[in-house]
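S.K.: the following block contains a protein sequence and its predicted model.
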Amino acid sequence: MTGPLVILIGPMAAGKTSVGRALAARLRVDFADLDALIVEATGRSIPTLFAEEGEPAFRELESQTLARALTDCDGVLSLGGGAPMHPTSAELLRGLPVVLLEVEERIAARRLSYGAGRPMLEGRDPMARWRELAEERGERYREVAAHRIDSGHGSPARVARTIIRSLQLPLPADPEKETA
């Protein structure tokens, strides 16, 4: 295996998972979500890991899981919003096909209103925390990303098509067209 074809990073609600699934389907490759790999390996949810272990221990586990995923995953890999912040993770990502999904705050607010279970947004004003995290993480995101894509406009499939064009990824042949 050569590693992931595309690695998606970005703030919470940027669409890393939904775009990642659409991209993997379009490219006909596997999709892996780093948070799901962590849950699978530990048998505990991300909120439970944060509560029981704390953020530093979680980030260390996340970095170790990322190192394995970069070897084991050869399709599309989606990372949690804080994954690139660990120094080891950032170093592992340098030079790889990392795509930063960017999203405007108002769109993130709409998307986050539908979700729950985000330990980093707990508190009285989740969007204030989202802004704070976006500001803290933005420079690192831009540092490790090879490409930046606006994920706030259009469906996940449309954003996936934009990524394919931007990275000039080869699409698998369409068997129906080949037999005609």
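M.R.: Good, I have the coordinates.
S.K.: and Asn159, how many neighbours?
M.R.: Actually, residue 159 is Val rather than Asn. Using other C-beta atoms under 10 Å, the number of residues around Val159 comes to 25. In this view, the C-beta of every residue, glycine as well, is placed from N, C-alpha and C.
S.K.: what's near enough to touch it?
M.R.: 15, 19, 22, 101, 149-151 (C-beta atoms under 8 Å, 6 or more residues apart in numbering).
S.K.: rounded mean pLDDT for the helix or strand harbouring Glu132, please.
M.R.: Assigned by DSSP states H and E, Glu132 belongs to helix 126-144. Mean per-residue pLDDT for helix 126-144: 88.
S.K.: out of the contacts of Val159, what pair is the most spread apart?
M.R.: Greatest spatial distance in the contacts of Val159: Ala22 and Asp150, 15.2 Å, computed using C-beta to C-beta.
S.K.: of those two, who's got more company?
M.R.: Applying other C-beta under 10 Å to Ala22 and Asp150 shows that Ala22 carries more neighbours, namely 21 against 14.
S.K.: residues in contact with the helix or strand in which the more buried one is found?
M.R.: In this structure, Ala22 sits in helix 16-27 according to DSSP H and E. When contacts are defined by C-beta under 8 Å, 6+ apart, helix 16-27 is touched by residues 5-6, 8-10, 30-31, 33, 75-79, 81, 101, 151, 155-157, 159-161, 163-164, 169, 171-172.
S.K.: in ChimeraX, select just the buried ones from those.
M.R.: Only the buried members of these enter the following ChimeraX selection, criterion being 16 or more other C-beta atoms under 10 Å:
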select :5,6,8,9,10,31,33,75,76,77,78,79,81,101,151,156,159,160,161,163,164,169
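S.K.: if anything else comes up later, I'll come back, but that's it for now.
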